[in-house]
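> Turn this into a structure:
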Amino acid sequence: MMDMTAPICEDGLNSPEMVDFMKSPLKFDLYIMERGLVPCFYGVAHAVGSPPVVGLVTLGAYHYIHWNDGNPDNPAYTPWWIHPYSDHLSFWQRHYSSYVWLYSNLVLSNVVLPKHETIQKNYFAHPNVKVFITQGGLQSFNEATYYGVPLIGIPFMGDQHYNGEKFVAAETGYRLQFRHVTKDTVLKAIRTVLEDPRYRENMKKLSAVYREHQAQSMPKAIWWIEYVLRHKGAPHLRSGAMDLSWYQLLLLDVVAFVLAVAATTTLALYSLARYLTSLILNAKKHKTE
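As a prediction, the model looks like this:
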C-alpha cells in the first residue's frame with residue numbers, strides 16, 4: 001500500500017486542475033478531504049487560505065491518522081486494516097501489529113462517512129439474494145450487513161483481508177484466497193454458506209444490531225460540517241493528546257521514572273542488606289576472637 005502513495009501524490013498534485021486550483025485567488029471557509037491513504041493533500045489547505053479541515057475516511061483509518069488526531073488506538077486489539085487479523089490477536093500477531101503501529105506512527109507521521117451505491121443496494125434488497133460474493137471492501141461489507149446477506153469474500157488488497165477476517169470470525173461469511181479459486185472451491189464455498197444455517201442466522205443478528213443506528217449519513221455529515229464552520233474549526237473538540245510528545249503519549253517518561261525509582265530502591269535495599277550483613281559478620285568475628 002505504501003508504494004501507491006507516491007504516484008497518487010505526484011499525479012494528484014501535478015494535475016492541471018490541481019495546479020490551477022492552488023493558483024486560484026479564491027479562499028474557502030472549509031476544506032473537505034479524503035484522509036485514507038496519503039497525507040500529501042493536507043498542504044493544499046494552506047494554498048486556499050488555511051480553513052478548518054474536515055476529513056473523511058472511506059476505508060479504515062491509518063494508524064498515523066489516529067495518532068495525529070489523538071484518538072485511542074491500541075495495536076493489541078485494533079490491527080491495521082490491511083492485515084488479515086481480527087480483533088482477537090495471537091502473541092505473534094500482536095508483536096507484528098505493534099511493530100507496524102510504531103513504524104506507521106513514527107515514520108509516516110474524522111468523520112467516517114459510509115458510501116452506498118443505489119444499484120448494489122437494490123440487489124441486496126431482493127428477497128432471492130441468498131449470498132453475496134465480494135472482494136471484501138468496507139462499503140460492500142456494510143451493505144450486506146444491513147440487508148442480512150451472508151458473504152463469500154475473495155480479498156485482493158487494502159482493507160479487504162481485514163474485513164474478510166472479521167466476517168469469518170463472526171461466522172457471517174466464508175473467505176477464499178484468489179490463488180485457490182477454482183470451480184470446485186467456489187461451489188464448496190457457496191454450498192457451505194447456503195447449507196449451514198449459522199451464516200444467515202448470525203448475519204441476521206448482526207443486521208439487527210447494525211440497523212439500530214437510525215441516523216442518516218448525509219444529514220449527519222452536513223450537521224457536523226456546519227458545526228465546524230459555526231465554531232471556527234471547533235477547537236474545543238481537539239484532543240489533549242495532540243499536545244503530547246510521542247514518549248509522553250506512550251507514557252514512556254512515567255515508565256522510566258517508575259523503573260528508576262524501583263531500581264534505586266532495589267539498589268538501596270541491596271546496599272543496606274550488604275552493610276548489615278557485613279556488620280553482623282564483623283560482630284561475630286570479634287566475639288570469636
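> Work out the gap between the longest helix along the chain and the centre of the chain.
In the chain, assigned by DSSP state H, the helix with the most residues is helix 252-288. The chain centre lies 47 Å from the centre of helix 252-288; the measure is CA atoms, centre = their mean, to the nearest Å.
> what about that helix, average pLDDT?
Mean per-residue pLDDT for helix 252-288: 87.
> mind listing the helices for this structure?
Using DSSP H, the helices assigned to the chain run over residues 2-14, 16-23, 42-47, 63-69, 91-107, 118-125, 138-147, 160-169, 183-195, 197-211, 217-230, 246-249, 252-288.
> Pick the most deeply packed of those helices.
Neighbour counts (mean count of other CB atoms under 10 Å) averaged over each of the helices of the chain peak at helix 160-169, with a mean of 22. C-beta coordinates here come from the backbone N, C-alpha and C atoms, glycine included.
> which helices and strands sit right next to that one?
Identification of packing neighbours for helix 160-169 by 3 or more CB pairs under 8 Å, 6 or more residues apart in numbering; DSSP states H and E yields helix 138-147, strand 151-153, strand 173-175.
> Hmm, residue 89 is touching residue 97, no?
Yes. Residue 89 is in contact with residue 97 according to CB atoms under 8 Å; the separation is 6.1 Å.
> Find the residues that touch each one of these two.
Here residue 89 and residue 97 have 76, 79 as joint contacts, going by CB atoms under 8 Å, 6 or more residues apart in numbering.
> mind saving the C-alpha coords of stretch 262-273 as CSV?
C-alpha atoms of stretch 262-273 as CSV (Å, rounded to 0.1, in the frame of the first residue of the first chain):
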residue,chain,number,x,y,z
ALA,A,262,12.3,0.8,41.6
ALA,A,263,15.9,0.4,40.6
THR,A,264,17.1,3.0,43.1
THR,A,265,15.1,1.4,45.9
THR,A,266,16.3,-2.1,45.0
LEU,A,267,19.9,-0.9,44.9
ALA,A,268,19.5,0.9,48.2
LEU,A,269,18.0,-2.1,49.9
TYR,A,270,20.7,-4.3,48.4
SER,A,271,23.4,-2.0,49.7
LEU,A,272,21.7,-1.8,53.1
ALA,A,273,21.5,-5.6,53.3
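> Which of the helices and strands packed on helix 160-169 sits closest to residue 242?
The closest of these to residue 242 is helix 138-147. By CB to CB, the value is 26.3 Å.
> what residues are up against the closest residue to residue 168 other than its chain neighbours?
Closest residue to residue 168 apart from its sequence neighbours, by CB to CB, 6 or more residues apart in numbering: residue 175 at 5.0 Å. By CB under 8 Å, 6+ apart, the contact list for residue 175 reads 136, 152-155, 164-165, 167-168.
> Likewise for residue 18?
Counting by CB under 8 Å, 6+ apart, residue 18 touches 12, 44.
> how much space between residue 240 and residue 248?
Distance of residue 240 to residue 248, computed by CB to CB, to the nearest Å: 11 Å.
> ah, wrong one, I meant residue 258
Using CB to CB, one gets 14 Å for the distance from residue 258 to residue 248.
> before we move on, what about residue 166?
For residue 166, the distance to residue 248 (CB to CB) stands at 33 Å.
> Residue 161 too?
Counting by CB to CB, the gap from residue 161 to residue 248 is 33 Å.
> now do residue 259
Residue 259 sits 16 Å away from residue 248, going by CB to CB.
> likewise residue 260?
For residue 260, the distance to residue 248 - CB to CB - is 16 Å.
> And residue 51, by the same measure?
Taking CB to CB, one finds residue 51 at 30 Å from residue 248.
> circling back: switch the contacts of residue 175 over to TSV, and while doing so, append pLDDT to every line.
Below are those laid out as TSV (pLDDT from 0 to 100):
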residue	pLDDT
136	80
152	87
153	86
154	86
155	84
164	84
165	84
167	85
168	86
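> Contact partners for residue 133?
Residues near residue 133 by CB under 8 Å, 6+ apart: 151-152, 154, 186.
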